[in-house]
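Student: structure for this input, please:
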Amino acid sequence: MALAVVDVSFIVPAYNEERLLGNTLRAIAQASSGVAGASEIIVVDDASTDGTTAIAQAHGALVVPVSCRHIAAARNAGARQARGQWLVFVDADTIVSEEVVGAAIEALRGGAVGGGCDVHFEGRLPLYGRLLIALILPVYRALKLAAGCFLFCTHAAFDTVGGFDETLFAAEEAVLSRALRRQGRFVLLREHVVTSGRKLRAHSGREILGGLLRLAVGGRKAFRRRDGLDIWYGERRRDPGLDP
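Tutor: Here you go, the predicted structure:
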């Protein structure tokens, strides 16, 4: 039996995301239903020890199991299984809307090779977190870089540039954004997604700012190892905004 033609593939990397994944997948399904064309959802379960796979399957997603604990490698694993001509990478703690998905598809249909969007953070955030967001997001937009929680591109352009750089454990979305820009028009949408503020709530300002300083001082070499990247690769902490 021939496989159905797919226009857009949503790729969701996940590690122990049983708490938030269901909302993310429901939002993707609802948003994609209002966009012309067929879609698929791929969840890349990267060595989860909770119910991530079961939740993904319950929502009709194709589950790709990997065991690398590496966000770039997990996203690439999903892309290798994707059948769509367009790829949309969505983090497991991020909520998309019909507006942002529709705008992304419209941009791709209009000839863009890829892009990103504005990002809002849910929940109550500490002061340092709000200041950090107010500093970093404008810099990303000025440099025309997509945030990692929502990045879209043509499958062809993604393959041409070699996907996400698997030598990096962080900032891989910035490197991919720059590579895609060399292939053609790269757009940053005014529409937004809503992503979790849990990292900002669960870690102190000293921890996060110290980690960012180490990356800045260490340069590209600092991004090539997990050491010092506990914000992304450490054990999941209790979210004061959600957990009692």
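
Student: check which helices and strands the lengthiest strand in the chain sits against.
Tutor: Using DSSP state E, we find that the single longest strand of the chain is strand 186-195. Strand 186-195 sits against strand 94-95, helix 98-109, strand 114-121, with contacts defined as 3 or more CB pairs under 8 Å, 6 or more residues apart in numbering; DSSP states H and E. For glycine as for every other residue, the C-beta is placed from the backbone atoms N, C-alpha and C.

Student: out of these, which gets nearest to residue 183?
Tutor: Nearest to residue 183 among the helices and strands packed on strand 186-195 is strand 114-121 (7.9 Å), distances taken as CB to CB.

Student: which parts of whatever helix or strand comes next after that closest one are buried?
Tutor: Once the chain leaves strand 114-121, the next helix or strand it forms, by DSSP states H and E, is helix 127-142. By neighbour count on 16 or more other CB atoms under 10 Å, the buried set for helix 127-142 is 129, 132, 133, 140, 141.

Student: among these, which two are most distant?
Tutor: Across these, the two lying at the largest distance from each other (CB to CB) are 129 and 141, at 18.4 Å.

Student: ok, back up a step: how about the buried residues of helix 127-142 in CSV, adding pLDDT?
Tutor: Shown next, in CSV, are these (pLDDT from 0 to 100):
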residue, pLDDT
129, 92
132, 92
133, 94
140, 93
141, 94
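
Student: just to revisit the earlier point, is it possible to get TSV of the helices and strands packed on strand 186-195 that adds mean neighbour count?
Tutor: Output for the helices and strands packed on strand 186-195, formatted as TSV (neighbours: other CB atoms under 10 Å):
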stretch	mean neighbour count
strand 94-95	23
helix 98-109	20
strand 114-121	22
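
Student: pipe these into CSV and attach mean pLDDT and distance to residue 146 per row.
Tutor: CSV is the format used below for these (pLDDT from 0 to 100; distance: least, CB to CB, whole Å):
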stretch, mean pLDDT, distance to residue 146
strand 94-95, 98, 12
helix 98-109, 96, 10
strand 114-121, 97, 2
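
Student: state the pLDDT value of the residue nearest the centre of the chain.
Tutor: With distances taken as CA atoms, centre = their mean, residue 149 lies nearest the centre of the chain, 3.0 Å away. In this model, residue 149 is scored at 97, pLDDT.

Student: now it: phi and psi?
Tutor: phi -70, psi -20 (degrees, to the nearest 10).

Student: so it touches residue 194, yeah?
Tutor: No. Contact between residue 149 and residue 194 fails when scored by CB atoms under 8 Å: they sit 9.3 Å apart.

Student: need the overlap of contacts for the two.
Tutor: Common contact partners of residue 149 and residue 194 (CB atoms under 8 Å, 6 or more residues apart in numbering): 94, 119.

Student: just the helices in this protein please.
Tutor: 21-33, 52-58, 71-81, 98-109, 127-142, 155-161, 172-181, 198-202, 205-218, 230-233 (DSSP state H).
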